[in-house]
Structures are given as C-alpha cells and as structure tokens.
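K.L.:
structure of the sequence below:
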Amino acid sequence: MNMRIGKKLFSCLALFLLCILCLLADAPKVRAAEFLTADDGTFLYMNSRELEISDEEKGVQFFLADDGTLQLMNKNTKDVYKTFVPAENGMVGYRVRDVFTANPENIFFEINATIGAHEQNCGYWLIGKENGQWVTYVALEDLAKNGYAIDQWRQIVTKINTDGSGRFILLSQYEYMPPEATFGMQRRYFTDLQLELLWDDTTQGVVMRRL
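P.N.:
Below is the predicted model of the structure:
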C-alpha cells in the first residue's frame, strides 16, 4: 500500500517538474544589450536652442521651437522628423543625451523634459533610428503602463551604468518636506518607482521590468 502511494507521489512530482521545465522553455528570453556610461547631456532652454547630433545624414539636430516643443529636424532641408510635445505649458527645458549600448552596438537619444525650478517632469522619450526611420521606443504613456504616476508631480532620474553593471535604471521620485524641516534646502526625495529598461535585440524594442 505504501509503495503504491509512493509511486503515485513520485509520478505526480515528475509530472509537476516536467510542466515547470516546459513553461521555462516557452518563456520569452530577453537578450539584453549592455548599456554604456552616459554623460549629463545638453540642456536646451531659452537661448540654448540647437543641438546637432551625429548621424549618417548631415544637418540633423534637435531644435527648441518658439511654441515650446522640441523638434528633431534637418537644419539644411528643414524636414521635421519628430516633434516632442510636453505635458505642461510654460518655460519647458529639454535635457538630451546620447545613450550607447554594446553587444550589439546601438545609439539612442534620451529626452527628459522638465518645467520649473524644481524640475517637474513633463515629458520623457527614448528614441533611435530603425531602417532609416526615427522611432520612439519609450514615452510617458509606456512608463504609465508600468506604474508611473503620469498625472502627479514627479521627477524622472535615470542611472545608466553608474555602477558598472551595464544596466539602465529609471527612477520616479517626488519631493517632500520632513516634519522638522523649515527651509527648502532641507527637502527630501522619495522614490516611488524603479524600472529597468532593457534593449531586446531580437524584437528590436525596449522591455521594462519593475524593480
């Protein structure tokens, strides 16, 4: 009797392990590229309105337009490839920086739009070029699907390979004043969301993972 029960238990366990192995085999595998350390980029605001970038097409630049939008355009032909519209009206600034990967080698451009002295976020984009066309891989709407509070006061901070791990980490944070604080310089920051951005070369897209 005990032997029969033991055989049944063994069969059930073997079947369970087989199911687990099948699920793992079918699970999508992200072949993530390694992100390289990025600099602080260039802040386009008020009198600083143009940033020429490295591209196989000459004359491609970011341009801060009079209406407060940011344009990716060719200054020679005047062709506008993309227009980035902030979520707020007013004196918006755009920090643009190159983002490189290795294995495989790619170049992206990160655009972080902010408004006000405390740099409230009002737009975020990660773009690149695919088959000769400019593509937006990440925008605020994509972050919102992964928990970003798009309708609340937030700052977006990104850390790219800051610890040598090759990772791209995006933080959402907001300011608060501790009970004992009396001056603005004593404000603190609370991080309410951490996402890891991974470049999947198989699907040619960005995958986000909540940390």
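K.L.:
in the strand of greatest length in the chain, what counts as buried?
P.N.:
Longest strand in the chain, counting residues (DSSP state E): strand 188-200. For strand 188-200, burial by neighbour count (16 or more other Cβ atoms under 10 Å) applies to 193, 195, 197-199. (Each C-beta comes from the backbone N, C-alpha and C, glycine too.)
K.L.:
do stretch 109-125 as well
P.N.:
The neighbour-count check on stretch 109-125 (16+ other Cβ under 10 Å) flags 109-115, 119-125 as buried.
K.L.:
what's the answer for stretch 120-139, then?
P.N.:
Neighbour-count burial for stretch 120-139 [16+ other Cβ under 10 Å]: 120-129, 137-138.
K.L.:
ok, now stretch 57-73?
P.N.:
Neighbour counts over stretch 57-73 (16+ other Cβ under 10 Å) mark 60-64, 68-70, 72-73 as buried.
K.L.:
so how far is Thr37 from Asn161?
P.N.:
Per Cβ to Cβ, to the nearest Å, Asn161 is found 4 Å from Thr37.
K.L.:
now swap in Phe108 and tell me
P.N.:
14 Å.
K.L.:
of those two, who's got more company?
P.N.:
For Phe108 and Thr37, the more surrounded residue by other Cβ atoms under 10 Å is Phe108, and the numbers stand at 23 against 11.
K.L.:
so which residues of the protein form strands?
P.N.:
Under DSSP E, the chain gives strands at 34-35, 42-44, 50-52, 60-64, 70-74, 80-84, 92-102, 106-115, 120-130, 133-139, 155-160, 168-176, 188-200, 205-210.
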